[in-house]
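Asks: turn this into a model:
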Amino acid sequence: MAKVKISKTEHPYCYKGLQYANDILENKIPSSRFVYGACKRFLRDLDEGKYPFDVDYAERYLRLVQNFEHTIGNWETKNIIYEPWQCFVWMNIMGFKHPETGRRRFRTAHVEVPRGSGKSTMASQCGLFFLALDVGGLCSEAILCA
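Replies: Numbering: from 1, shown residues only. This is a model prediction of the structure:
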């Protein structure tokens, strides 16, 4: 299988997530052993290619959800902008596909972050994506809890 190329210009949000994973493994960002392990597994899976990584699909998701506007509070930007860790989480969930079925590899995800970190926002964006924006997708089923 061909090695995945994540371009900073073509896939800026996936690149941001990839950089996050590399920074965790290089100890530039403090993390728990669970986050470290997730980053290590992600990079290993990219290299091994057992599960194809659809960088275009992951990037499409990240671009679309960051077009949503803030609904509460005063923010510097009109639209919601994902932090690198959020890009990493969602590119993992959306990017890896099963080689035979083409469905997402990860059908269940447990994202545990502190209060005020955007859990409800991310869950609602995911739900709306699968409800209305995943045109032609094989994975348009989501049950969410925030």
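Asks: can you map out the helices along the protein?
Replies: 12-25, 33-48, 55-65, 84-95, 119-128 (DSSP state H).
Asks: list the buried ones in the third one?
Replies: Neighbour-count burial for helix 55-65, counted by 16 or more other Cβ atoms under 10 Å, picks out 55, 57-62, 65. For the C-beta atoms, the positions are set from N, CA and C on the backbone; glycine is no exception.
Asks: turn the residues you listed into a markdown table, including pLDDT and distance to K119.
Replies: Formatted as a markdown table, the buried residues of helix 55-65 follow (pLDDT from 0 to 100; distance: Cβ to Cβ, whole Å):
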| residue | pLDDT | distance to K119 |
| --- | --- | --- |
| V55 | 94 | 25 |
| Y57 | 91 | 23 |
| A58 | 93 | 20 |
| E59 | 95 | 22 |
| R60 | 92 | 22 |
| Y61 | 91 | 17 |
| L62 | 94 | 17 |
| V65 | 88 | 14 |
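Asks: in JSON lines: the residues you listed, plus distance to Y13.
Replies: Output for those, formatted as JSON lines (distance: Cβ to Cβ, whole Å):
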{"residue": "V55", "distance to Y13": "10"}
{"residue": "Y57", "distance to Y13": "12"}
{"residue": "A58", "distance to Y13": "8"}
{"residue": "E59", "distance to Y13": "6"}
{"residue": "R60", "distance to Y13": "10"}
{"residue": "Y61", "distance to Y13": "9"}
{"residue": "L62", "distance to Y13": "4"}
{"residue": "V65", "distance to Y13": "9"}
